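Chemist: sharing a sequence plus its predicted fold:
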Amino acid sequence: MSGISQTLGQTYLAIVNPAAGGGRGLKLLNPALERLRAGGVMVEVVETRAAGQAREIVRDAYVRGTRNFIAAGGDGTAYEIVNGLFPLATDLSVTGGERPTLAFLPLGTGNSFLRDFSDRGVEYAIESLLANRRRVSDVLRLRHRGGILHYINLLSMGFAADVATLRARRFSTWGEFGYFSSIFLTLARFNRRAFPLRVEGDAAFDERRCLFLTFNNSKFTGGSMMIAPRAEIDDGMIEYVRWGPIGRLGLIRNLPTLYDGTHINHPLAERKAVRRVEFKLHSPVDVMIDGEVLTLHCEQLDVLPGALNVVA
């Protein structure tokens, strides 16, 4: 991944989710801001009070000329910022050819995107901002029956999305215990099914049953699960990972491999790097997209190569 050298002293707009990390993230925020400002990084701060508000704040700021943003929260905060930037950031009449820049202060529970570069969280994020360590990142674009969404981490369907959906709807306040409770309940139900799709280069739609599908820009999900070990954020490709209808006991035995990336070596696993995916779903499905749980009737997925700078 290539670095981008630019002068320090630019102003960032930090979008702060005060609920990130169960509210514990706010304790980290002020010390982090003090270090950044002492190091010459100018930061303006806006706190969000409701879901979706970050998207509107970012869109308005972008139109007014702001190009540098900090996601001070978890994966969901970064997701909202990305969807505030795009598709505006592809309109040359607005951008003048300048890419927006997204930095991170990982105050939430997931922070999966930044894990591609380090597991040191806030400390690494501060170092990257002080060093102005910028990299080019692709942005993935999902067209669904209700509109268009953009993301920089991953979209998942099947088991992983079922776990995330159950956690969001029933165990959102239970922390890590809620996550493991959701895994075991999803294992008990164990719904292996087809998500008909056709990836670039295939003639026919794939209607085989599977345990899960993921469409990745970066490697990690859930903070430490290396779901797409071969993904690169700047290769212009969607890293597509599929795990076929493995049995319940087989999944339990192989759960550790999801954390070191060796699951892609399983006989029922497949991975491809593609530029485009078409869906032929019969109805909306639960998906997880950059930590957010949604129910969508997905239609098409493609890539905006090098559309974003990230500070990492």
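Modeler: In hand now; what should we look at?
Chemist: just checking, residue 87 touches residue 147?
Modeler: No - using CB atoms under 8 Å, residue 87 makes no contact with residue 147, being 10.4 Å away. No exception for glycine: its C-beta is placed from N, CA and C like everyone else's.
Chemist: tell me which of those two has more neighbours.
Modeler: The residue with more neighbours, out of residue 87 and residue 147, is residue 87; 14 against 8, by other CB atoms under 10 Å.
Chemist: let's verify the nearest residue to the more buried one once chain neighbours are set aside: helix, strand, or coil?
Modeler: Sequence neighbours aside, residue 148 is the residue nearest to residue 87 in space, at 6.7 Å (criterion: CB to CB, 6 or more residues apart in numbering). Of the three states, residue 148 takes strand under DSSP: H, G, I helix; E, B strand; the rest coil.
Chemist: just list the residues touching residue 148, thanks.
Modeler: Contacts for residue 148 (CB atoms under 8 Å, 6 or more residues apart in numbering) come out as 87, 141-142.
Chemist: the same query, at a cut-off of 10 Å, please.
Modeler: 83, 86-87, 141-142, 299-300 (CB atoms under 10 Å, 6 or more residues apart in numbering).
Chemist: could you do residue 152 as well?
Modeler: Counted by CB under 10 Å, 6+ apart, residue 152 has contacts 75, 78-79, 81-82, 86, 102, 112-113, 137-140, 217-218, 233, 290, 307-308, 310.
Chemist: equivalent analysis for residue 107, please.
Modeler: Here residue 107 is in contact with 16-21, 23-29, 32, 71-74, 77, 121-122, 125 (criterion: CB under 10 Å, 6+ apart).
Chemist: same question for residue 130.
Modeler: Applying CB under 10 Å, 6+ apart, the residues near residue 130 are 8, 35-36, 38-41, 311.
Chemist: out of those, who's nearest residue 195?
Modeler: When the contacts of residue 130 are ranked by distance to residue 195 (CB to CB), residue 311 comes first, at 34.3 Å.
Chemist: inside strands: which ones of the contacts of residue 152?
Modeler: The members of those that map onto strands under DSSP state E are 102, 137-140, 307-308, 310.
Chemist: now those as TSV including neighbour count?
Modeler: Shown next, in TSV, are these (neighbours: other CB atoms under 10 Å):
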residue	neighbour count
102	26
137	26
138	22
139	24
140	26
307	22
308	22
310	28
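Chemist: residue contacts, the residue nearest to residue 118 when sequence neighbours are not counted?
Modeler: Excluding its sequence neighbours, the residue lying closest to residue 118 (CB to CB, 6+ apart) is residue 124, at 3.9 Å. Residue 124 makes contact with 104, 106, 114-115, 117-118, 133, 312 under the criterion CB under 10 Å, 6+ apart.
Chemist: same check, this time on residue 113
Modeler: Residue 113 touches 71, 75, 78-79, 82, 102, 104, 106, 137, 151-154, 217-221, 233, 290-291, 310, 312, counting by CB under 10 Å, 6+ apart.
Chemist: cutoff 8 Å now
Modeler: Each residue near residue 113 by CB under 8 Å, 6+ apart is listed here: 75, 78, 104, 152-153, 218, 220, 290, 310, 312.
Chemist: and which of these is nearest residue 249?
Modeler: residue 220 (25.9 Å).
Chemist: so that closest one touches residue 118, yeah?
Modeler: No - the criterion here is CB under 8 Å, and residue 220 misses it with residue 118 at 11.2 Å.
Chemist: who touches both of those two?
Modeler: Contacts common to residue 220 and residue 118, judged by CB under 8 Å, 6+ apart, are absent.
Chemist: more crowded one of those two?
Modeler: Neighbour count, other CB under 10 Å: between residue 220 and residue 118, residue 220 has more, with 25 against 13.
Chemist: could you pull up the contacting residues of the more buried one?
Modeler: Residue 220 neighbours (CB under 8 Å, 6+ apart): 112-113, 115-116, 153, 226-227.
Chemist: burial of residue 185, as a residue count?
Modeler: 15.
Chemist: please, which helix or strand holds the nearest residue to it once chain neighbours are set aside?
Modeler: Leaving aside its chain neighbours, residue 185 sits nearest to residue 166 (6.0 Å; criterion: CB to CB, 6+ apart). Assessed by DSSP states H and E, residue 166 sits inside helix 159-170.
Chemist: packing partners for that helix?
Modeler: helix 175-189, strand 212-216, strand 285-289, strand 292-296 (3 or more CB pairs under 8 Å, 6 or more residues apart in numbering; DSSP states H and E).
Chemist: now the ones you listed in a markdown table, with mean pLDDT?
Modeler: Formatted as a markdown table, the helices and strands packed on helix 159-170 follow (pLDDT from 0 to 100):
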| stretch | mean pLDDT |
| --- | --- |
| helix 175-189 | 83 |
| strand 212-216 | 97 |
| strand 285-289 | 96 |
| strand 292-296 | 95 |
